[in-house]
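Peer 1: Give me a 3D structure for the following:
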Amino acid sequence: MKSVRRLIAVVLCLQLCPIPAFCAAPDAPQQAGQINALIPEAKRNGAPAKVKDELDWNDLLHTEHSGRMRAGLGDGSIISLGSDSEIRVVQHDASSQRTQLEMGFGKMRNRVAKITQPGGKYEVRTPLAVIGVIGTDFYVAHENNRTTVICYKGQVSVTPLGNARVVKQSEESNEQGKALLAGILLNPGEMVEIGVDSVPDQLKPSPTPPPVQQASIQDTDLPDNSVREVSTSHRKRNILILAGLAAAAGTAAGIAVSRQGTGAPLPPDCGCGK
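Peer 2: Just a heads-up that it's a prediction; the model follows:
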């Protein structure tokens, strides 16, 4: 009789007292990292971003014309957004070292921690290409329906998507080029441009003109001093890009631009020669 009473008491307690284990809890956001520095205007998921804001999977990061942002991921990798840029942190699992970022437009530098986990990968997608790395330092830009990738350190694999392809010409054979287009491998100091232009395929990466490499670094650098320094960097960037492209083409315009003294040394945080 006592055992029956005890059973009834237990049943009544279960009915009156909620048990957390049976309550459906909403899925907690999966953390990817943290915003370490920024220059307004910069946003996270449409709201003004702040230093030390946590980053979660699927967060959308956006910078206006005057804004820049630097974020640290859970495995120690660092992403730096230039102005007028937008990326989505699709996923970042620090334990398995699997990272996927999607760039809608703009400029971004990636300083990637060495991947040591089996199956680990770090991947950046633009509308025209997939960029994959294993421990490196590289730059990605997507503007005017073109994706530009510059490798500063390590190696970068670039795979065009759909009907996109390399938009510069090389002297190699078409057969070799088509094989490389399945996964173009960039070494330090090399760059590639992916687009949908009706021009012959380039069959191997081209050297990065030093002014272009310097401009890409300045575009994604985040000075600690003031916004005024950033605006000066924008003016230098335009001169450097024009000089580098002209020098690469060997045109008369390149000679004129080079007289403006655009061959400044690389900034200290480049890491290109490390």
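Peer 1: use CA for all of it now, contacts and neighbours both
Peer 2: OK.
Peer 1: is it true that Glu54 touches Asn36?
Peer 2: No - under the contact definition of CA atoms under 8 Å, Glu54 does not touch Asn36, with a separation of 9.4 Å.
Peer 1: right, and Ala49 touches Ala42 too?
Peer 2: Yes - proximity of Ala49 to Ala42 meets the contact threshold set by CA under 8 Å, at 5.7 Å.
Peer 1: out of those two, which sits in the more crowded spot?
Peer 2: Residue environment comparison for Ala49 versus Ala42 gives the larger neighbour count to Ala42, 25 against 22, counting by other CA atoms under 10 Å.
Peer 1: Can you report how many residues neighbour the nearest residue to the more buried one once chain neighbours are set aside?
Peer 2: Across the structure, with CA to CA, 6 or more residues apart in numbering as the measure, the residue nearest Ala42 apart from its sequence neighbours is Thr63 (4.3 Å). Residue crowding around Thr63 was assessed by other CA under 10 Å; the count is 25.
Peer 1: can I assume Thr63 is in contact with Lys43?
Peer 2: Yes - under the criterion of CA under 8 Å, Thr63 lies in contact with Lys43, with a separation of 6.2 Å.
Peer 1: Provide the backbone phi and psi angles at Pro188.
Peer 2: As for Pro188, its main-chain torsions (degrees, to the nearest 10) stand at phi -50, psi 130.
Peer 1: burial of it, as a residue count?
Peer 2: 19.
Peer 1: okay, it: pLDDT?
Peer 2: According to the per-residue confidence, Pro188 scores 94 in pLDDT.
Peer 1: Over to the one 5 residues further on?
Peer 2: Predicted confidence (pLDDT) at Glu193: the value is 92.
Peer 1: ok, residues contacting the longest strand seen in the chain?
Peer 2: Among the elements of type strand in the chain, defined by DSSP state E, the one spanning the most residues is strand 98-111. The set of residues that contact strand 98-111 without belonging to it, under CA atoms under 8 Å, 6 or more residues apart in numbering, is 77-93, 119-127, 135-143, 217, 219-220.
Peer 1: who touches stretch 112-130?
Peer 2: Judged by CA under 8 Å, 6+ apart, the contacts made with stretch 112-130 from elsewhere in the structure are 75-78, 96-105, 131-137, 142, 145-147, 158-162, 164, 194-195.
Peer 1: go on, stretch 58-68?
Peer 2: If you take CA under 8 Å, 6+ apart as the criterion, stretch 58-68 is touched by 38-46, 69, 80-91, 220, 222, 227, 231.
Peer 1: Which among these count as buried?
Peer 2: 38-44, 69, 80-91, 220, 222, 227 (16 or more other CA atoms under 10 Å).
Peer 1: which regions of the stretch 1-150 of the chain lie under the pLDDT threshold?
Peer 2: Regions of the stretch 1-150 of the chain meeting the criterion pLDDT under 70 cover residues 1-27.
Peer 1: For this protein, which segments are assigned as helices?
Peer 2: Along the chain, the segments classed as helices by DSSP state H run 2-16, 174-181, 210-219, 227-249, 252-258.
Peer 1: Now do the longest strand of the chain and helix 210-219, the angle between them.
Peer 2: Calculated by axes from the mean of the first three to the mean of the last three CA atoms, to 10 degrees, strand 98-111 forms an angle of 110 degrees with helix 210-219.
Peer 1: Restricting to C-alpha, output strand 98-111 in CSV.
Peer 2: As requested, the backbone C-alpha atoms of strand 98-111 are provided in CSV (Å, rounded to 0.1, in the frame of the first residue of the first chain):
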residue,chain,number,x,y,z
ARG,A,98,36.0,24.4,-41.3
THR,A,99,35.3,27.9,-42.5
GLN,A,100,33.1,29.2,-45.3
LEU,A,101,32.7,32.9,-46.1
GLU,A,102,30.6,34.4,-48.9
MET,A,103,31.6,37.8,-50.4
GLY,A,104,28.9,39.7,-52.1
PHE,A,105,31.2,42.6,-53.1
GLY,A,106,34.1,44.6,-51.9
LYS,A,107,37.6,43.8,-50.6
MET,A,108,38.9,41.5,-47.9
ARG,A,109,42.2,40.3,-46.6
ASN,A,110,42.4,36.8,-45.0
ARG,A,111,45.2,35.8,-42.6
